[in-house]
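Enquirer: Quick one: sequence plus predicted model below, questions after.
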Amino acid sequence: MNQSSCTSTASTLACLRAVDVGTLQAINTNISGDAFFGTFIFVPVVDGSFIRQRPTQALREHKVNGKVLLAVTNTDEGFIFINQNSASTVTTASYVSQLFPKFGAREIAGATAQYTNLGTPINQADLIMGEG
């Protein structure tokens, strides 16, 4: 909102609809550039109305059924979430440490070792993101 000058308007949605498309594209580029390692920055946000709380919190408070889990994954989907133009700057260890900030040196080394012979560092990041 700050970049659009729509922060102090009565209807932010109406204001955003009136913003020039070029400005919106520039805002999107700026925001995406701040995302973790080329990943998508737009994710569901707890707004208190539609999404009332974090899923982990709802599970902890027994507000959702924690006995059944439906999980779906696709083979080789990690590349969709990684900016492939960042290939020249990525290292597997730095990627792991940023993706899992609570990992210590031992865990980072262990995760890195799992992907050592699986292509270039960007390929390894793709695989890690796809399996993470």
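Expert: Sure thing, it's come through.
Enquirer: hey, which helix is longest across the protein?
Expert: Across the chain, the longest stretch assigned as helix under DSSP state H is helix 21-33.
Enquirer: next one: that helix to chain centre, how far?
Expert: 17 Å (C-alpha atoms, centre = their mean, to the nearest Å).
Enquirer: Would you point out the helix or strand in this protein whose mean pLDDT is lowest?
Expert: helix 78-81 (a mean of 80; mean pLDDT, DSSP states H and E).
Enquirer: Show me what counts as buried in that one.
Expert: Buried residues in helix 78-81, defined by neighbour count with 16 or more other C-beta atoms under 10 Å: 78, 81. Where you see a C-beta, it was placed from the backbone N, CA and C, and this is true even at glycine.
Enquirer: Ok, stretch 7-27 next?
Expert: Under 16+ other C-beta under 10 Å, the buried positions of stretch 7-27 are 15, 27.
Enquirer: follow-up on the earlier one: name the helices or strands packed onto the least confident helix or strand of the chain?
Expert: helix 121-131 (3 or more C-beta pairs under 8 Å, 6 or more residues apart in numbering; DSSP states H and E).
Enquirer: sorry, back to before: output the longest helix of the chain in CSV with nothing but the alpha carbons.
Expert: The C-alpha trace of helix 21-33 is given here as CSV (Å, rounded to 0.1, in the frame of the first residue of the first chain):
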residue,chain,number,x,y,z
VAL,A,21,-0.8,-0.6,-14.4
GLY,A,22,2.8,0.4,-14.8
THR,A,23,3.0,1.5,-11.2
LEU,A,24,1.4,-1.7,-10.1
GLN,A,25,3.9,-3.7,-12.1
ALA,A,26,6.8,-1.8,-10.5
ILE,A,27,5.3,-2.3,-7.0
ASN,A,28,5.0,-6.1,-7.8
THR,A,29,8.6,-6.2,-8.9
ASN,A,30,9.8,-4.4,-5.8
ILE,A,31,7.9,-6.6,-3.5
SER,A,32,8.9,-9.8,-5.3
GLY,A,33,12.5,-8.7,-5.1
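Enquirer: avg pLDDT for it?
Expert: Average pLDDT, helix 21-33: 86.
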